[in-house]
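Undergrad: Model the structure of this input:
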Amino acid sequence: MTSSSATSRKALSKIASNRLQKELVEWQVNPPVGFKHKVTDNLQRWVIEVNGAPGTLYANETYQLQVDFPEHYPMEAPQVIFLPPAPLHPHIYSNGHICLDILYDSWSPAMTVSSVCISILSMLSSSTVKQRPEDNDRYVKNCRNGRSPKETRWWFHDDKV
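TA: A predicted model of the protein is given here:
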């Protein structure tokens, strides 16, 4: 998220704030395996450390996810991106944007930060190759002006990785 869009971001609704506080407490009691929430005083932006699962291409590798929550979370999906350097993966662009349907079209208010993290780890773990998406350069070039991945019209056609 660019600094200009960060300053124009609307404050969390009471429902969103309550839900996130509840999720944070649940996370602290029972964090998903392979993830660590980096504590800050900003409830609207979480930074989460991701450890690659043992026995996968990403074993012993650590990445960071940035999760930005919209005003009307959980009715609206959070924006989730990898902070640099993003893992080499067929569904992860070099700018950190993630092509994963639950972050966009298939989002449900029943999902939580934990369930999103587990889905991302599952996506990483199932990959058989470390490579960027075929259209990485074109996509990243089109996002240069701080475009959010939520502004992309994603085409979900590959469920192999």
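
Undergrad: What is the neighbour count of residue 47?
TA: Look at residue 47: counted by other CB atoms under 10 Å, it has 15 neighbours. Placement of C-beta: from N, CA and C, glycine included.

Undergrad: Ok, residue 65 next?
TA: 22.

Undergrad: Okay, buried residues for the host helix or strand of it please.
TA: According to DSSP states H and E, residue 65 maps onto strand 62-68. For strand 62-68, burial by neighbour count (16 or more other CB atoms under 10 Å) applies to 63-68.

Undergrad: Just the mean pLDDT for it, thanks.
TA: Average pLDDT, strand 62-68: 97.

Undergrad: And the contacts of it?
TA: For strand 62-68, the external contacting residues (CB atoms under 8 Å, 6 or more residues apart in numbering) are 1, 9, 38, 44-52, 78-83, 85-87, 96, 113, 116-117, 120.

Undergrad: Skip ahead from that strand and say which helix or strand is next.
TA: strand 79-82.

Undergrad: Which parts of this protein are helices?
TA: Using DSSP state H, the helices of the chain run over 3-8, 14-29, 113-126, 136-142.

Undergrad: How far away from the center of its chain is the last one?
TA: Remark: helix 136-142 is offset 19 Å from the chain centroid, using CA atoms, centre = their mean, to the nearest Å.

Undergrad: returning to that earlier point: with mean neighbour count added, can I get the helices of the chain in TSV?
TA: Shown next, in TSV, are the helices of the chain (neighbours: other CB atoms under 10 Å):
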stretch	mean neighbour count
helix 3-8	10
helix 14-29	14
helix 113-126	19
helix 136-142	13
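
Undergrad: Can I get those helices in a markdown table including distance to residue 57 and mean pLDDT?
TA: Shown next, in a markdown table, are the helices of the chain (distance: least, CB to CB, whole Å; pLDDT from 0 to 100):
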| stretch | distance to residue 57 | mean pLDDT |
| --- | --- | --- |
| helix 3-8 | 33 | 41 |
| helix 14-29 | 26 | 95 |
| helix 113-126 | 8 | 96 |
| helix 136-142 | 18 | 86 |
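
Undergrad: could you measure residue 56 against residue 77, distance?
TA: 26 Å (CB to CB, to the nearest Å).

Undergrad: Show me which of the two is the more surrounded one.
TA: Between residue 56 and residue 77, residue 77 has the larger neighbour count (other CB under 10 Å), namely 20 against 15.
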